[in-house]
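Peer 1: show me how the following folds:
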Amino acid sequence: MKNFYLISTIFLLSSCQTLSSIQETLGFVQEDPNAPVKLDENYESFLDISWEKKLEKPLLDLNFFKENIKANIFFDANAGTIYNLNEKQLELIDIDTGSLIDVFGLETDRIISGVSVGYNSFFYVDADGIVYAHDANTGDLKWTKDLEDVVLSKILITPTLAFLQTSSDILYGIDLQTGETKWQKQAQAPLLSIRGTASPITYEGLIFTSFSNGRLAAVRAVDGIQLWEKPISRLKGSTELEKLMDGDSDAISVNEDVFVANYNGSLTRFNIRSGDKVFSVDHSTSKSIIFNKGKILSINTDEEIVGFNASNGTEAWRSQKFKNRGLTNLILNDDKIYFGDFEGYIHQLDSDTGMITGLTKTSLKSISQIAIFSDKLFAQDIDGSLVGFNLK
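Peer 2: Presented below is the predicted three-dimensional model:
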């Protein structure tokens, strides 16, 4: 009798597997539309490891029940040095060798803004909205300022002023040396927005930034006087969720135009001086856009990579080969696009055609940030491990 039950069980399981195969063959089993696209790995690697700094998580996490704050941007680079946050320390790492140049003590380990470096200064902002400014040569604290609001995006640093945008849509112009607020501009915040803000950019004495209300503003850097503020896209619905149009993507300036995109909205080209709209095409993204040789390159919210003609907004190419793979922001180098994904792969595409030109599997976990400095590529994962690569 036991043998009968055993044979019956094996037959039943075999039948289920056969039926499942038949269903898949006939197309009755639908694939998960949100599943990550499987990669074609038949591409040459384009990276060689130069150095790595592995950060292993302990098997027993004693901080599990403590406040968990993750930096929005992990590292920055300046003058041949990577500035890398590691809890309550800032590590200064040589770009070429990966060796530790120096370690600066920080005022807090509750940093939420990441680190921004420039003009012999570095900045970070904690979870309570306190800005810390240090001397980049000595690590000495220069000043602090309580904004009472968090800063999630990279800080723009110029020779005289630092520009910060808070999560409640206030843009500050702050004296680089003293921390004095020179001016501030507040946008009308919507009832609903997603977590994130754009970083301000500068062009010929103007500051451009987009807000969570889906508008782009142009203000004078010296005094904050607004020249114009225009909607990036039109409202597409009546509910608050449908009206969600956050401008978390950094604007980019090209000659006499500024390009910007927003979530659930458009990719739009404005004239820099007048704010007149040149074109606007449907495109939803919360990631940064880049420009190369007459094309605007962007990842949409479906994680399709799209190349647009910068002159009229028509679509030049679209790649759906990386959908749902948790992509990083795009970066550009020598007409190639680079980005990382959730499985530790780094991808290389031709910016003109969107064709894949290379693929490298790294030892990293889900990649959170990549950057290229001095013809070297650097990548960091969600655990904080950092690897420097040589581009082949």
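Peer 1: which stretches in the stretch 1-150 of the chain count as helices?
Peer 2: Applying DSSP state H, counting those that start in this stretch to the stretch 1-150 of the chain gives helices spanning 2-26.
Peer 1: quick one, strands of it?
Peer 2: 47-53, 75-78, 81-86, 89-94, 100-105, 116-118, 121-125, 130-135, 141-146 (DSSP state E, counting those that start in this stretch).
Peer 1: which one of those strands is the most hemmed in?
Peer 2: strand 121-125 (a mean of 25; mean count of other C-beta atoms under 10 Å). Backbone N, C-alpha and C define where each C-beta goes, glycine included.
Peer 1: what angle sits between that one and strand 141-146?
Peer 2: 30 degrees (axes from the mean of the first three to the mean of the last three C-alpha atoms, to 10 degrees).
Peer 1: restrict strand 121-125 to CA atoms and write it as CSV.
Peer 2: Extracted as CSV, the C-alpha positions of strand 121-125 are listed here (Å, rounded to 0.1, in the frame of the first residue of the first chain):
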residue,chain,number,x,y,z
SER,A,121,34.8,73.0,1.6
PHE,A,122,32.6,70.0,2.2
PHE,A,123,29.0,69.9,3.4
TYR,A,124,26.5,67.5,4.8
VAL,A,125,23.1,67.8,6.4
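Peer 1: where in the stretch 1-150 of the chain is pLDDT low?
Peer 2: 1-31, 56-72 (pLDDT under 70).
Peer 1: pretty sure K182 contacts L176?
Peer 2: No - if you go by C-beta atoms under 8 Å, K182 and L176 don't touch, sitting 10.1 Å apart.
Peer 1: before we move on, the earlier item: and of the strands of the stretch 1-150 of the chain, who's closest to A162?
Peer 2: Checking the strands of the stretch 1-150 of the chain against A162 by C-beta to C-beta gives strand 121-125 as the closest, at 6.4 Å.
Peer 1: what pairs with that closest one, parallel or antiparallel?
Peer 2: strand 116-118 (antiparallel), strand 130-135 (antiparallel) (DSSP bridges).
Peer 1: so what touches that strand?
Peer 2: Contact with strand 121-125 is made by 76, 83, 85, 90, 106, 111-117, 131-136, 142, 147, 150-151, 155, 157, 162, 164, 176, as judged by C-beta atoms under 8 Å, 6 or more residues apart in numbering.
Peer 1: mind checking the SS state of the residue nearest the centre of the chain?
Peer 2: The chain has N329 as the residue nearest its centroid, 4.4 Å off, counting by C-alpha atoms, centre = their mean. Assigned with DSSP: H, G, I helix; E, B strand; the rest coil, N329 falls in the coil class.
Peer 1: how close does it get to V37?
Peer 2: 19 Å (C-beta to C-beta, to the nearest Å).
Peer 1: now V151
Peer 2: Distance of V151 to V37, given as C-beta to C-beta: 34 Å.
Peer 1: which one of the two has more residues nearby?
Peer 2: Regarding V151 and V37, a neighbour count based on other C-beta atoms under 10 Å identifies V151 as having more, with 27 against 13.
Peer 1: excluding its backbone neighbours, what's nearest the more buried one?
Peer 2: For V151, ignoring the flanking residues on the chain, the nearest one in space by C-beta to C-beta, 6 or more residues apart in numbering is V125 at 4.1 Å.
Peer 1: beta partners for that neighbour?
Peer 2: V131.
Peer 1: measure how buried T178 is and give me the count.
Peer 2: 12.
Peer 1: mind listing what the residue nearest to the centre of the chain touches?
Peer 2: Contacts of N329 by C-beta under 8 Å, 6+ apart are K287, S288, I299, F339, Q369, I370.
Peer 1: thinking I95 is in contact with D375, fair?
Peer 2: No - the pair I95 and D375 does not pass the contact test of C-beta under 8 Å, sitting 10.1 Å apart.
Peer 1: quick one: which of those two has more around it?
Peer 2: It is I95, of I95 and D375, that has more neighbours when counted by other C-beta under 10 Å, with 19 against 9.
Peer 1: out of the contacts of N329, grab the one that's most surrounded.
Peer 2: I299 (23 neighbours).
Peer 1: wait, what's in contact with the closest residue to that residue other than its chain neighbours?
Peer 2: Nearest residue to I299 in three dimensions, chain neighbours excluded: K287, at 4.9 Å (C-beta to C-beta, 6+ apart). By C-beta under 8 Å, 6+ apart, the contact set of K287 is D248, S249, S298, I299, L327, N329, L330.
Peer 1: tell me how far K287 lies from L364.
Peer 2: When K287 is compared with L364 (using C-beta to C-beta), they lie 19 Å apart.
Peer 1: can you name the residues bridging to S121?
Peer 2: S121 forms beta bridges with G118, D135, as assigned by DSSP bridges.
Peer 1: picking that back up, for K376, see how far away the residue nearest to I299 is.
Peer 2: Counting by C-beta to C-beta, the gap from K287 to K376 is 23 Å.
Peer 1: now do Q188
Peer 2: Q188 is 43 Å from K376, by C-beta to C-beta.
Peer 1: who's more crowded, these two?
Peer 2: K376 (18 against 10).
Peer 1: was I right about the more buried one contacting D94?
Peer 2: No - with contact defined as C-beta under 8 Å, K376 does not count as touching D94 (11.0 Å).
Peer 1: just confirm G275 contacts W228, I think it does.
Peer 2: Yes - contact between G275 and W228 holds when scored by C-beta under 8 Å: they sit 3.4 Å apart.
Peer 1: F308 belongs to a strand?
Peer 2: Yes - residue state for F308 (three-state DSSP) corresponds to a strand.
Peer 1: hey, what's the nearest residue to Y43 once chain neighbours are set aside bridged with?
Peer 2: Excluding the flanking residues, the one nearest Y43 by C-beta to C-beta, 6+ apart is L359, at 4.1 Å. Judged by DSSP bridges, the bridge partners of L359 are H347.
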